[in-house]
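Asks: Mind looking at a prediction? Sequence and model below.
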Protein chains: 2
Amino acid sequence: MNGAHALMTTLADAGVEVCFTNPGTSEMHFVAALDAEPRMRAVLTLFEGVASGAADGYARMAGKPAATLLHLGCGLGNALANLHNARKARSPVLNIVGDHAAYHVKYDAQLQSDIETVARNVSTFVRTSASTATLCQDAAQALTAAIGPPGEVATLILPADVSWSEGGEPAAPPPALAAPEAGDAAIDAVARVLAGEGRTAMLLGGRALRGAALTAAARIAARCGARLLAEVFPARMERGAGLPAIERLAYLAELAGVQLNGLTDLVLVDAKAPVSFFAYPGKRSELLPEGCRVHTLAGFDQDVAASLERLVERLGARDAKPEPQAPARPARPRGKLTAEKACKAIGALLPANAIVVDEAQTAGATLPAFTRGAPRHDLLTLTGGAIGMGLPVAVGAAIACPDRPVIALCGDGSAMYTIQALWTMARERLDVTSVVFNNSAYAILGVELQRVGAEGAGARARAQLDLGRPNLDFVRIGEGMGVPSTRATTAREFTAAFERALATPGPHLIEAVVPNTLSGLRLRLLRRVLNALPSLPQSMAAAVKRRIAP
Amino acid sequence: MNGAHALMTTLADAGVEVCFTNPGTSEMHFVAALDAEPRMRAVLTLFEGVASGAADGYARMAGKPAATLLHLGCGLGNALANLHNARKARSPVLNIVGDHAAYHVKYDAQLQSDIETVARNVSTFVRTSASTATLCQDAAQALTAAIGPPGEVATLILPADVSWSEGGEPAAPPPALAAPEAGDAAIDAVARVLAGEGRTAMLLGGRALRGAALTAAARIAARCGARLLAEVFPARMERGAGLPAIERLAYLAELAGVQLNGLTDLVLVDAKAPVSFFAYPGKRSELLPEGCRVHTLAGFDQDVAASLERLVERLGARDAKPEPQAPARPARPRGKLTAEKACKAIGALLPANAIVVDEAQTAGATLPAFTRGAPRHDLLTLTGGAIGMGLPVAVGAAIACPDRPVIALCGDGSAMYTIQALWTMARERLDVTSVVFNNSAYAILGVELQRVGAEGAGARARAQLDLGRPNLDFVRIGEGMGVPSTRATTAREFTAAFERALATPGPHLIEAVVPNTLSGLRLRLLRRVLNALPSLPQSMAAAVKRRIAP
């Protein structure tokens, strides 16, 4: 058995069922080995960033790793941005990166580069397999690292001769490792804080935002009168009618500051103390009020749900009745389309059990409010801030959950980083409805240009945020990649297109043509309002915050 | 003056006129500084791989660096593949990579990653600027490294606070450094080889393939009866009627072996001893016949043209008359379109002074033969093997040479890696005609699957090379990004579309729908022929080689 065959067997034996691929010559033996392993589904992508984003989305929903198949250092480079998001999401991912045969490296042929250096940027486990005999042991160790807990990106570099030589020996699946629960000391300390007199919030992130853990946290909060907060960019958050309501931290640090104002204690559950996404001149990076104490119940390497259950017991909160989110739908919107109306229509129509991937920066701002009382759904967000995750993550989520409708929301700017994902949606007939908000701008950068206080935003600077010259036509682009596509310029058109897309299996794209409301005067006004927030009384700041980010 | 303004002034003073951008929040002050520096042209791209490929194409044609503006480690990651090609092309490129403010790094915010690690993969110079006061000195040193000689990729990491703080001091332009000529010993040694009895060839690469150097080399070859060879993937090669004819090494190692067969001595001029692009089971990586001696006239860090002139003098070859390539055009093709006929039409119509960017792997195989006698033109090729350079390099070449027509040739597979380049072509109204050969396949991988001897290419393996499910529609994709686009399925349609595109300013895309002739039986036959080549008598092997790669 050659190395590639043995590796394929090892992966399939370990339960790896999907490989997102963009192969080249050095991966041809691995590709050939697909024929002998029906348990492995190979999903071809046209760009490596689609493969890595899909592996991230798959892991977030399946809770286990997919493999990627990448072509040397350059293929890995193309995959890097979405591997960064996967790393920040703590998604288990196994990269298989083909390399030159070991004896060919010294010739410094055209594609020769230092793969390990690039891999280290995102991977805790990096190994170049040294021989066919040890390849599958390497793969098992890479899988062990990837699966964790916590989930990690592991990169196995596969020299072509290791792949093609005989002598491969499939390895046993890695052992399942249990994450430890929080210890008594942590439980006691957090219980004391929650039972105390302080103004306390629990900040949930990572796996604490899934059903059971979230419900346990809500019981505790109800029992102790604590607030529940969610991290700003969760990898996967279960929400909707019947689940406990939870307030998510705002992306804009100024608004998050209002949310956190007055807290004396913050309990972290698989979350980090909140910091500003970027630094801004003259502003603090920490978002917590001065003097706020930070306590940790359980971190990313612990069993978060079990730790919360222990805390429920400790606080006698088993019978606490947190208020569930009541079912609620916004009315269908009317008139000329705006981003807010599109979000409203999504809230009005969101089907049960949907997976919502949100990478619509400014245009998606009102989505959380409009979908709060929608049927229960999962929300996947931009964990690492590397734009271009929306469409690829939707690919992976749809492959992990073929029976669930997937809705991907992108801006015109963000969609274009990895637009090639549409082709894989068409090829695999994935039930993904992609909504591209086309406001002809990097609108978020208009906000940021104001926030960083970059003076002199004249015509040449503003041109760098302008995507309207020429306008992107996402209907043609989508159709060019085999995805049925529609343009909506009124609320009624959008609602009809969205309803139709949900009712018809397979991929669809809706281009929502919306105005860029965040321009000129409004932006300058926004900056003033944001800068004024810290000096306002708290109740007034909170009221302003609700107006800006409902 | 803040850091960003001072940096912009330093770049412009040093003659950097173009910056290919895809900015984010941490780069907003640099963007704002554009308003005050009219000497800097900022060219927005929708994906960082377009920016880096454009910087490569610009450098190849302008002979000086452009800057890129990239957003933290993830933006650099997206740029990496084309920076790899730039590195292999020895193109001078200056990356400016924005980073978090230094004091923000410790919070490990969402976009935090180790930028320097990624940068090192492609850059000889990597520096995170430590203060606004020293920023411009850092930039000048980065430019010095980028400009060389040899040209290099230099990466300057610009923390947001270094950019926005006051106290920037523009630095003086870097000094122009002259590359040394080949020394007497090298000249003497090479002269003795060329004057000797061996069967000698000169292998020209890098800058040795430009007009004056090429002509000097041809004089030497004519005087000494040596053969002239060009490296397989030149960064920039001047060719066409009136220039010396030169045989380019084949990509397929088996064919290159035939070209090199019988040589006793090879003289390298800004080239490396030829090696196989990939390794193949049971085949040597070196392509030179056993015992062939290798000599170096001048390397990449030397003045190649001056060294060749010295050798001309030394050998008394000033009056040698190398046979110039005679003007010749193929006839216009007829009938159903094939890749060969499209290449023929390009040969029939190629305008004077064109820049041809060739990333059409299998489909472009006959292009060199059909354009040999076309009017003088530049050919830019895939130096580093990282697919996705074709359209971006064309963007950069067109910006460097606004008065020259640019023709970009891609496959359907290769075009899709960086398809976003089309939008920048439309936005900047670049005179680029993009020809996308759509054969619904990664056809080159069909060849490679055979060459690596990967047995069992069954349906599941072959599906990984199939781009026909669904077919990509490049007319819609091109139009979706604002580029007038046409589909050609007959030779006449292609010829008419190509003629029209050349006659009309601005960007055009022609989708050439061609059969994938390299499938099934033909591929197996090709493999047999390639494997048989070494055992054939040399004249017969050469005849076969001419049939396969004219």
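Replies: Looks like it came in fine. Numbering: from 1, shown residues only, chains lettered A, B, ... in the order given.

Asks: Ramachandran angles for A:Asp265?
Replies: Main-chain dihedrals, A:Asp265, degrees, to the nearest 10: phi -140, psi 140.

Asks: Which strand residues bridge it?
Replies: When assigned by DSSP bridges, A:Asp265 has beta-bridge partners A:Thr200, A:Arg293.

Asks: And it, how far from A:Ala230?
Replies: Distance from A:Asp265 to A:Ala230, counting by CB to CB, to the nearest Å: 17 Å. Using the backbone N, CA and C atoms, a C-beta is placed for each residue, glycine as well.

Asks: Give the partner strands of the helix or strand harbouring A:Ser434 in its sheet and their orientations.
Replies: Using DSSP states H and E, A:Ser434 falls within strand A:432-438. According to DSSP bridges, strand A:432-438 has the following sheet partners: strand A:406-411 (parallel), strand A:508-513 (parallel).

Asks: And the next helix or strand past it?
Replies: Per DSSP H and E, the first helix or strand lying C-terminal to strand A:432-438 is helix A:443-451.

Asks: Counting by contacts, list what that following helix packs against.
Replies: Judged by 3 or more CB pairs under 8 Å, 6 or more residues apart in numbering or on different chains; DSSP states H and E, the packing partners of helix A:443-451 are helix A:521-532, helix B:28-33.

Asks: got the contact list for the longest one?
Replies: It stands for helix A:521-532. A:252, A:254-255, A:446-447, A:449-451, A:518, A:544, A:548 (CB atoms under 8 Å, 6 or more residues apart in numbering or on different chains).

Asks: same thing but at 6 Å, please
Replies: When contacts are defined by CB atoms under 6 Å, 6 or more residues apart in numbering or on different chains, helix A:521-532 is touched by residues A:254, A:446, A:450.

Asks: Give me the contacts around stretch A:135-147.
Replies: So stretch A:135-147 is in contact with A:3, A:6-7, A:10, A:14, A:65, A:92, A:94, A:125, A:127, A:129, A:152, A:154, A:156, A:162, A:169-171, A:174, going by CB under 6 Å, 6+ apart.

Asks: Now it: buried residues?
Replies: Neighbour-count burial for stretch A:135-147 flags A:135-136, A:138-147 (criterion: 16 or more other CB atoms under 10 Å in any protein chain shown).

Asks: picking that back up, please identify the buried residues of the strand holding A:Ser434?
Replies: Those buried within strand A:432-438 under the rule 16+ other CB under 10 Å are A:432-438.

Asks: For my notes, please list those residues in a markdown table and give pLDDT for each entry.
Replies: As requested, the buried residues of strand A:432-438 are exported to a markdown table (pLDDT from 0 to 100):
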| residue | pLDDT |
| --- | --- |
| A:Val432 | 98 |
| A:Thr433 | 98 |
| A:Ser434 | 98 |
| A:Val435 | 98 |
| A:Val436 | 98 |
| A:Phe437 | 97 |
| A:Asn438 | 97 |
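
Asks: Nearest to A:Tyr417 among those residues?
Replies: A:Val436 (12.3 Å; CB to CB).

Asks: From chain B, how far out is the closest one?
Replies: Remark: distance between A:Val436 and chain B (CB to the nearest CB, to the nearest Å) = 11 Å.

Asks: before we move on, the earlier item: distance to A:Phe300, secondary structure and pLDDT added to the buried residues of stretch A:135-147, as TSV?
Replies: What follows is the buried residues of stretch A:135-147, written out as TSV (distance: CB to CB, whole Å; DSSP: H, G, I helix; E, B strand; the rest coil; pLDDT from 0 to 100):
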residue	distance to A:Phe300	secondary structure	pLDDT
A:Leu135	30	helix	98
A:Cys136	29	helix	98
A:Asp138	25	helix	98
A:Ala139	24	helix	98
A:Ala140	23	helix	98
A:Gln141	21	helix	98
A:Ala142	20	helix	98
A:Leu143	19	helix	98
A:Thr144	17	helix	97
A:Ala145	14	helix	97
A:Ala146	14	helix	98
A:Ile147	14	helix	97
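
Asks: Chain B contacts on the stretch 1-150 of chain A?
Replies: Contact residues (CB under 6 Å from any CB of the partner chain) of the stretch 1-150 of chain A with chain B: A:23, A:25, A:28-29, A:31-32, A:34-35, A:44, A:46-47, A:74, A:77-78, A:80-81, A:84, A:100-101, A:104, A:107, A:109-111, A:113-114, A:117-118, A:120-121.

Asks: Which of these fall within strands?
Replies: Among the residues of the stretch 1-150 of chain A next to chain B, the ones falling in strands (DSSP state E) are A:Leu44.

Asks: ChimeraX command to pick out the buried ones of the residues of the stretch 1-150 of chain A next to chain B?
Replies: Restricted to buried positions by 16+ other CB under 10 Å, the ChimeraX selection for the residues of the stretch 1-150 of chain A next to chain B reads:
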select /A:23,25,28,29,31,32,34,35,44,46,47,74,77,78,80,81,84,100,101,104,107,109,110,111,113,117,118,120,121
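
Asks: Name the nearest of the contacts of helix A:521-532 relative to A:Ser539.
Replies: Nearest to A:Ser539 among the contacts of helix A:521-532, counting by CB to CB, is A:Glu254 at 16.4 Å.

Asks: now that closest one, nearest residue through space, not along the chain?
Replies: Spatial nearest neighbour of A:Glu254, chain neighbours left out: A:Leu530 (4.0 Å); criterion: CB to CB, 6 or more residues apart in numbering or on different chains.

Asks: Just give the number of residues close to the one you found.
Replies: Neighbourhood size, A:Leu530 [other CB atoms under 10 Å in any protein chain shown]: 23.

Asks: same deal with A:Leu308?
Replies: 30.

Asks: circling back to that earlier point, in JSON lines: the helices and strands packed on helix A:443-451, plus distance to B:Tyr417.
Replies: As requested, those are arranged in JSON lines below (distance: least, CB to CB, whole Å):
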{"stretch": "helix A:521-532", "distance to B:Tyr417": "35"}
{"stretch": "helix B:28-33", "distance to B:Tyr417": "26"}
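
Asks: among those, which gets the worst mean confidence?
Replies: Ranked on mean pLDDT, the bottom entry among those is helix A:521-532, at a mean of 82.

Asks: buried sites along that helix?
Replies: For helix A:521-532, burial by neighbour count (16+ other CB under 10 Å) applies to A:523, A:526-527, A:529-530.

Asks: ok, and what's touching whichever helix or strand comes after it?
Replies: Sequence order places helix A:538-548 as the next helix or strand after helix A:521-532, per DSSP H and E. Applying CB under 6 Å, 6+ apart, the contact partners of helix A:538-548 are A:255, A:258, A:261, A:533.

Asks: Specify the angle between helix A:538-548 and helix A:521-532 in degrees.
Replies: Calculated by axes from the mean of the first three to the mean of the last three CA atoms, to 10 degrees, helix A:538-548 forms an angle of 150 degrees with helix A:521-532.

Asks: centre of the chain versus helix A:538-548, how much separation?
Replies: On the basis of CA atoms, centre = their mean, to the nearest Å, helix A:538-548 sits 28 Å off its chain's mean C-alpha point.

Asks: Now do it, average pLDDT.
Replies: 83.

Asks: Only the buried residues of it, if you could.
Replies: A:541-542, A:544-545, A:548.

Asks: quick one: which of the residues you listed is nearest to chain B?
Replies: A:Ile548 (18.4 Å; CB to the nearest CB).

Asks: just for chain A, where's the confidence low?
Replies: Residue ranges of chain A with pLDDT under 70: A:455-456, A:550.

Asks: send the alpha carbons of the lengthiest helix in chain A over as PDB?
Replies: Identified as the longest helix of chain A according to DSSP state H is helix A:72-89. Taking Å, rounded to 0.1, in the frame of the first residue of the first chain, the C-alpha atoms of helix A:72-89 are listed here in PDB:
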ATOM      1  CA  LEU A  72       2.700  23.400  -1.500                       C
ATOM      2  CA  GLY A  73       3.400  26.700   0.300                       C
ATOM      3  CA  CYS A  74       1.500  28.800  -2.200                       C
ATOM      4  CA  GLY A  75      -1.700  26.800  -1.800                       C
ATOM      5  CA  LEU A  76      -1.300  27.000   1.900                       C
ATOM      6  CA  GLY A  77      -0.700  30.800   1.600                       C
ATOM      7  CA  ASN A  78      -4.000  31.100  -0.300                       C
ATOM      8  CA  ALA A  79      -5.700  29.200   2.500                       C
ATOM      9  CA  LEU A  80      -4.200  31.200   5.300                       C
ATOM     10  CA  ALA A  81      -6.800  33.900   5.900                       C
ATOM     11  CA  ASN A  82      -9.600  31.400   6.500                       C
ATOM     12  CA  LEU A  83      -7.300  29.200   8.500                       C
ATOM     13  CA  HIS A  84      -6.700  32.200  10.700                       C
ATOM     14  CA  ASN A  85     -10.500  32.400  11.200                       C
ATOM     15  CA  ALA A  86     -10.600  28.700  12.000                       C
ATOM     16  CA  ARG A  87      -7.800  29.100  14.500                       C
ATOM     17  CA  LYS A  88      -9.700  31.900  16.300                       C
ATOM     18  CA  ALA A  89     -12.900  29.800  16.200                       C
END
